[in-house]
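Trainee: just the structure for this:
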Amino acid sequence: MRFTRPSHIESDHPIATQEYAVYTPPISELIDTIGEWVQCMESGGYIFGPSRFGKSRGVKWYVHAALEERFKCSIPLVTWIRLPDMQVSETWFWKELLISSRFCFAGVSKNGNRATLRALFRERMISLAKAANSNYVVLLIDEAQDVTLREWHWLLGLQNSLDHAGYRLSVFSVGTQQIGYQHDYLAKSGNIHIAARFFVLHSKFHGLRGLDEFRFVLEGYDQESEWPKGSGKSYLHYFAEKDFKRGHRLAQCAEVAWQAFEDLIPEDVRNFFTSKKIEIEIPMKHVALSVEEILWRLANGHEWEEVTNYESWLQVISERGFSAHMQAITRAA
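Mentor: Numbers count the residues shown, from 1 in each chain. So this is what the prediction gives:
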């Protein structure tokens, strides 16, 4: 939560809490990819991309609802966030999955042994499929680069058990570039059966690629967002009501803001991407942080022209560590 804010900005506004997501072209591609895999009831697949590109936000805020809208039916989907500091016992593993599936007795079962918990989660997946009048269920793993070999073996066993009972389980993973290395590792370490189940299908999650996609995102803050619910007020309208009523829109600043992002890309990063013939992509995290700061300055009464000019965008983007992050992405590529 933003601790210092103008009195007319509520503390629970999504911008103040940073609990929101703006729809982006890469999120749309993520949904399309998972939708195609669901349509074919694929056994597994993974989506990878650098950190801070907006993968987790897409998973949290859009994927499930968008899939149900696409297929016009209930999609039994469990989303599990695999945190890096989690314990890795089998008992813990099934407990976490039960909690992620919103199993109402997950707390009661906390003292169960691994066999009991494994059976409970298997039955939980079957019940979710039945509730949707289907024999199909999806497990979507976020931060999947931290899933261990033992955990993949447990998921393989679960998939086999459900298949034997007449139910199909898809396991789709979302993670950083590291997850892309797991296919080769599994194949070379004698676990080709796991690689074949969960890692044959793959897709890249992109950052923002060019001015048009950037403008699309700014339009989300201008008109496609809303708070309070039912108010009809976009985030820009709420934070800068006078400017909004005068016809000002963030999308009108897209060119100067995008130029500021481009000018802050370090030369070594630019050279790296040029040598690899890879298009430079802007992380959504830095777009969001920069737009949020612009909104806060407008809410504090600063003039529109002062806040939204090139020099202002350059300062705001620079102060949020954008250049250093781009170098980190390059080292990880």
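Trainee: just checking, Glu42 touches Leu201?
Mentor: Yes - using C-beta atoms under 8 Å, Glu42 is in contact with Leu201, at 5.9 Å. Bear in mind the C-beta positions are built from the backbone N, C-alpha and C, glycine included.
Trainee: what about Glu319, how many neighbours?
Mentor: Using other C-beta atoms under 10 Å, Glu319 is surrounded by 11 other residues.
Trainee: need phi/psi at it.
Mentor: Glu319 adopts backbone torsions of phi -70, psi -10, taken as degrees, to the nearest 10.
Trainee: Glu42 and Leu201 - which one has more neighbours?
Mentor: Set Glu42 next to Leu201 and count neighbours by other C-beta under 10 Å: Glu42 wins out with 19 against 16.
Trainee: okay, that one: pLDDT?
Mentor: On pLDDT, Glu42 comes in at 98.
Trainee: how near is it to Val171?
Mentor: Taking C-beta to C-beta, to the nearest Å as the measure, Glu42 falls 9 Å from Val171.
Trainee: ok, Lys55 next?
Mentor: Distance from Lys55 to Val171, by C-beta to C-beta: 17 Å.
Trainee: Thr33 and His206 touch, don't they?
Mentor: No - under the criterion of C-beta under 8 Å, Thr33 is not in contact with His206, lying 11.4 Å apart.
Trainee: doesn't Thr79 lie inside a strand?
Mentor: Yes - counting by DSSP: H, G, I helix; E, B strand; the rest coil, Thr79 is part of a strand.
Trainee: with adjacent residues omitted, what lies nearest to it?
Mentor: Leu140 (4.7 Å; C-beta to C-beta, 6 or more residues apart in numbering).
Trainee: next: Val59.
Mentor: That would be Asp142: by C-beta to C-beta, 6+ apart, it lies 5.0 Å from Val59.
Trainee: go on, Pro283?
Mentor: Nearest to Pro283 is Arg52, by C-beta to C-beta, 6+ apart, at 4.4 Å.
Trainee: and that neighbour, which helix or strand is it part of?
Mentor: Assigned by DSSP states H and E, Arg52 belongs to no helix or strand.
Trainee: separation between it and Ala328?
Mentor: For Arg52, the distance to Ala328 - C-beta to C-beta - is 9 Å.
Trainee: what's around Thr33, how many residues?
Mentor: Considering only other C-beta under 10 Å, Thr33 is surrounded by 18 other residues.
Trainee: residues touching it, list them.
Mentor: Thr33 is in contact with Gly45, Ile47, Ser203, counting by C-beta atoms under 8 Å, 6 or more residues apart in numbering.
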